[in-house]
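1. here are the coordinates; sequence isn't available:
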Ligand code: ADP
Ligand code: MG
């Protein structure tokens, strides 16, 4: 679907922002680019719709070089959602959403229907919101309009550059849930940039970890957690809020000391001590007992029975979510 072939970007001042990227994003995939500030995420994203020109190599979309597309055709077939809310303040919500359909000369009736459909899709009642100005909406609602606008002309691909990072945690989580649901139903290819690992693990079918304009690892959330390619990835994963938190109580209260285990009963599986509670439960559903590893060393064991006991004693509603 989107295929990077030695794609590089050197800016005029000599900065090598992106160095020879080679990877493929599949059709219908939710693909997340993550990395620290300056690692080349935005540059990579903007090369896809030619907001930034590639200096070396190329990108193919559906087998055709992006340089062979008419630039307007290319831009219109790729929805773009930015971090900062980028609605036109003097235009109504309806007009903001209709920008690309207008450029594509859709007829008035088709546009009106599409706007209604999109407002409903992003959870805003059309009658209430279509005539409002952006300033009459909350930040979260405005960002929903940003998503609706990107979807307006039914693009095959949507690229999103840290779209939720300016929002408060609750609104942000709600929008994450919604975009996941939306993607499942409309099956678009989404390329999503974030610097938040938790967001990446939640949303991504696959995650691409970048550093200094290069790819460190691409994998599913599970692959990154269980087979990090190096310390850099490990550390990145370790930064997930709550990963340590959710496990800490297990370490304190459930972990069986290594010496208490009969060597004949050695567990087969080992999980890192940074695993989420949810993952731990998943593994324990197939195995009576698992080892817990910290920095390459087994620090103890968890068995299903003591875990269940612990949860029964401590379970609050929604705690495993
Ligand atoms: P990220 O989105 O991961 O924070 P960017 O892709 O924006 O990273 O930037 C990657 C590198 O390219 C950084 O070192 C940044 O300073 C540099 N860069 C970005 N845009 C330009 C530009 N227009 N001119 C020169 N250097 C740039
Ligand atoms: Mg950026």
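-> That came through, no problem. A quick note: this is a predicted structure, and the numbers were derived from the prediction, not measured. Ligands and ions are numbered 1, 2, ... in the order given.
2. got the residue ranges for the strands in the stretch 101-250 of the chain?
-> 157-161, 189-194, 206-211, 214-219 (DSSP state E, counting those that start in this stretch).
3. what's the angle from the third one to strand 189-194?
-> Regarding strand 206-211 and strand 189-194, their directions subtend 40 degrees when assessed with axes from the mean of the first three to the mean of the last three CA atoms, to 10 degrees.
4. bridging residues for residue 194?
-> Taking DSSP bridges as the rule, residue 194 bridges to residue 34.
5. how many other residues sit next to it?
-> Residue 194 has 25 neighbours, counted by other CB atoms under 10 Å. Where you see a C-beta, it was placed from the backbone N, CA and C, and this is true even at glycine.
6. so who does it touch?
-> 32, 33, 34, 162, 164, 165, 200, 203 (CB atoms under 8 Å, 6 or more residues apart in numbering).
7. one more time with 10 Å, if that's ok
-> Residue 194 is in contact with 32-35, 41, 83, 160-165, 176, 200, 202-204, 207, counting by CB atoms under 10 Å, 6 or more residues apart in numbering.
8. and this protein, which residues reach ligand 1?
-> Residues of the chain lying close to ligand 1 (CB under 6 Å from any ligand atom) are 11, 13, 15, 17, 35, 37, 38, 39, 40, 41, 42, 43.
9. what secondary structure does the closest residue to the first one other than its chain neighbours sit in?
-> Translated: residue 11. Residue nearest to residue 11 in three dimensions, not counting chain neighbours: residue 17, with 6.0 Å by CB to CB, 6 or more residues apart in numbering. Three-state call for residue 17 (DSSP: H, G, I helix; E, B strand; the rest coil): strand.
10. please apply the same query to the one 10 residues further on.
-> For residue 27, the secondary structure call by three-state DSSP comes out as coil.
11. how far away is the residue of the stretch 1-150 of the chain found nearest ligand 2 from residue 77?
-> Here the residue of the stretch 1-150 of the chain nearest ligand 2 is residue 42; by CB to the ion that distance is 3.2 Å. Here residue 42 is placed at a distance of 20 Å from residue 77 (CB to CB, to the nearest Å).
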